[in-house]
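Visitor: below is the sequence, then the predicted model.
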Amino acid sequence: MTMRWLRSTLVAAAAWSMAAAQDAEFTETPSEYAIGTLARAPGCSLADFCRLARNDLSGQTEIYYPDSPEFEEATTRWSNVGAPIANITVVPAVESDVTKLVRIANNCNIPFLAYNGRHGALTTLGQMTWGIAIDLRSLSGVTISSDGKTATVLGGTNSKVLIDALWSAGKQAVTGTCECVSYMGPGLGGGHGWLQGHHGLIADQWVSAKIVTADGQLRTINSNSDLWWAVKGAGHNFGIVTSVTIKIFPIVKTNWAITTLMYTGDKVQALYQAANDHLLKNGTQPFYIIQEGVTAVDTTYTAPFIALGPISVSNNTGTYKDVSSWVGISLDGPPCQKTGAANPRFPLYLEQYNPSAMATLYNAFKDGTNSSSPFATSLFMFEGYSMQGVKAINAASTAYAFRENNLLTAPLVQYTPGSAALDAQAKAFGNQLRNILHAGSGRSQKHTYVNYAYGDETKQETYGHESWRSSKLLQLKDKYDPQRVFNFYAPAA
């Protein structure tokens, strides 16, 4: 079950990212000089960094400067609010380049930020006001093991590449739902996906990983490492994952089907009561209503919603590879386009819907996105994935903390960036919507999803409210990243 309001339309989505531009001292070529003269670290200048990088990195590594179209392309982000600023973008060609980049940046005392698809909308990224962007795009590829039970995925691989590579071999794995988003980014925050009902979250599939930690070491970690717990849910805080070996599975059911229903606003309470009564069922059944292994969604699931009198009903059938296009998140879909918009989200997990709160929410959303509003193109995501596989994993075994929740909700406040006042207005609107849902949940504590986070969430709201979780994250952060060089994406400690 996945839903999205675009006004009163119901649909789905997913995401993550980083990067931008500024300055340093340089005198070698026009392109290099264009970096500027403003930023200088206590250790060495950005010019020094570039010289060291050229001498030490592999010949295929690319370095882009702000006056180049390559730099522009590499730093354009899906969401442009609270954006990080980079002076130089480096595209490492091989895994060893990443370790060298981290060491050089540390020695020069220059901030750095690694990224894949640049889909993150987290405002804490804006705390990077200068430094080096490390674009992992060249570290892309999938290698299936000889026994067909695992695959090794390079750190810059996007979901579509992984899905297609496995599908052609008769295999599949839990990935993010949006085709253009990296595989690794969502996984570092836990990672939801269509197949999680069978197998658990993206991170639950990991067997081992290679990660460059803050000291510039390339470590191979698995369940025997204390870092393993942290990487699976708070991984953005602990290093740059250059590859991960994951569990993969035979394709058992190739057919998938979807039913899409649209309603008028007066049906809101009845609609979400029906979702509670007929779809959630303690989290065991994933309108869009999407079903695996059939050519048409079973009427057991659709009949209660047809009875509510939708204004339209449409059906489609195909394979797993068609699902993202059905819900508008394929490579050519809107979430995969970087248009210059600001796209902050305000996530909240729920156990079930409060129909009365949903009616209040609908009216607030409708009023806030009227045709004269700067937020008129905003949408609201309601994602209800099958949860059996997620709940089957011991919650204490990963930094991802919120396995008991059945629903992931998030307003996406979309607008054209213009001023700090407009950003503040968007933040207030997004939190107004989130707080309506929270009040209706009856909970005293908010549970939020780090991969959708806005940036004003507390550490407990992002990584779990149990005191032992906070203590463990702090202990591991002090051990592996005492200087907090990985602290731009939802700092955990």
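Guide: Received it, and whenever you're ready, just let me know what you need.
Visitor: chain center to whichever strand or helix holds I436, what's the gap?
Guide: If you go by DSSP states H and E, I436 is part of helix 420-441. Here the centre of helix 420-441 is set off from its chain's centre by 20 Å, with CA atoms, centre = their mean, to the nearest Å.
Visitor: I'd like the next helix or strand past it.
Guide: helix 459-463.
Visitor: quick one: contacts of the next helix or strand after that following helix?
Guide: Per DSSP H and E, the first helix or strand lying C-terminal to helix 459-463 is helix 467-480. The contact list for helix 467-480, computed with CB atoms under 8 Å, 6 or more residues apart in numbering, reads 213-214, 226-227, 229-230, 234, 237-239, 399, 401, 459-460, 463-464, 484, 492-493. Every residue, glycine included, has its C-beta placed from N, CA and C.
Visitor: report the buried residues of helix 467-480.
Guide: Neighbour counts over helix 467-480 (16 or more other CB atoms under 10 Å) mark 469-470, 472-473, 476-477, 480 as buried.
Visitor: got CSV for these, with distance to L57 and pLDDT too?
Guide: Below are those laid out as CSV (distance: CB to CB, whole Å; pLDDT from 0 to 100):
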residue, distance to L57, pLDDT
R469, 38, 98
S470, 38, 98
K472, 35, 98
L473, 32, 98
L476, 29, 98
K477, 28, 98
Y480, 24, 97
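Visitor: nearest to E70, of those?
Guide: The nearest member of the buried residues of helix 467-480 to E70, counting by CB to CB, is Y480 at 32.6 Å.
Visitor: quick check: that closest one vs G239, distance?
Guide: For Y480, the distance to G239 equals 7 Å [CB to CB, to the nearest Å].
Visitor: what average pLDDT does the strand or helix carrying F380 get?
Guide: Using DSSP H and E, F380 falls within strand 379-383. For strand 379-383, mean pLDDT rounds to 93.
Visitor: do stretch 447-467 as well
Guide: 98.
Visitor: again, but for stretch 151-170
Guide: Rounded mean pLDDT across stretch 151-170 is 97.
Visitor: what lies in contact with that stretch?
Guide: 116-117, 135-145, 148, 171-173, 175-184, 240-246, 248, 250-251, 320-321, 331.
Visitor: specify the angle between the strand holding F380 and helix 420-441 in degrees.
Guide: Relative orientation of strand 379-383 versus helix 420-441 (axes from the mean of the first three to the mean of the last three CA atoms, to 10 degrees): 40 degrees.
Visitor: quick one: strands adjacent to strand 379-383?
Guide: strand 2-5 (antiparallel), strand 407-412 (antiparallel) (DSSP bridges).
Visitor: spatially nearest residue to G141, not counting backbone neighbours?
Guide: Residue nearest to G141 in three dimensions, not counting chain neighbours: L154, with 4.7 Å by CB to CB, 6 or more residues apart in numbering.
Visitor: buried subset of the contacts of helix 467-480?
Guide: For the contacts of helix 467-480, a burial check counting by 16+ other CB under 10 Å picks out 213-214, 227, 229-230, 234, 237-239, 399, 401, 459-460, 463-464, 492-493.
Visitor: in helices, which of those residues appear?
Guide: Of the buried ones among the contacts of helix 467-480, the ones assigned to helices by DSSP state H are 227, 229-230, 234, 459-460, 463.
Visitor: how about those in JSON lines, adding distance to F346?
Guide: Converted to JSON lines, those look like this (distance: CB to CB, whole Å):
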{"residue": "L227", "distance to F346": "30"}
{"residue": "W229", "distance to F346": "27"}
{"residue": "A230", "distance to F346": "25"}
{"residue": "A234", "distance to F346": "20"}
{"residue": "K459", "distance to F346": "17"}
{"residue": "Q460", "distance to F346": "17"}
{"residue": "Y463", "distance to F346": "17"}
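Visitor: of all these, which two lie farthest apart?
Guide: The widest separation within those (CB to CB) is 21.4 Å, between L227 and Q460.
Visitor: end-to-end on stretch 444-454?
Guide: Counting by CA to CA, to the nearest Å, you get 20 Å between the two ends of stretch 444-454.
Visitor: residues in contact with it?
Guide: By CB under 8 Å, 6+ apart, the residues outside stretch 444-454 that reach it are 14-16, 120-123, 185-186, 189-192, 233-234, 236, 344-349, 401-402, 405, 408, 410, 427, 430-431, 434, 438, 457, 460-463, 465, 490.
Visitor: so how do I select the buried members of those in ChimeraX?
Guide: Here is the ChimeraX selection string for the buried members of these, based on 16+ other CB under 10 Å:
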select :14,15,16,120,121,122,123,185,186,189,190,191,192,233,234,236,344,345,346,347,348,349,401,402,405,408,410,427,430,431,434,438,457,460,461,462,463,465,490
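Visitor: after the helix or strand bottoming out on mean pLDDT in the chain, which helix or strand is next?
Guide: Within the chain, no helix or strand scores below helix 30-33, which has a mean of 31 by mean pLDDT, DSSP states H and E. Next helix or strand after helix 30-33 toward the C-terminus (DSSP H and E): helix 46-56.
Visitor: mind listing what's buried in that following helix?
Guide: Neighbour-count burial for helix 46-56 [16+ other CB under 10 Å]: 46-53.
Visitor: wait, which of those is closest to Q291?
Guide: So of the buried residues of helix 46-56, ranked by how close each gets to Q291 (CB to CB), first place is A53, at 50.6 Å.
Visitor: now do the contacts for that closest one.
Guide: Neighbours of A53 in contact, by CB under 8 Å, 6+ apart: 61, 63, 90, 100-101, 104.
Visitor: what comes into contact with whichever strand or helix holds P186?
Guide: According to DSSP H and E, P186 maps onto helix 184-188. Residues from elsewhere that reach helix 184-188 (CB under 8 Å, 6+ apart): 14-17, 115-117, 119-120, 136, 153, 155-157, 176, 192-193, 201-203, 206, 231-236, 241, 244, 451.
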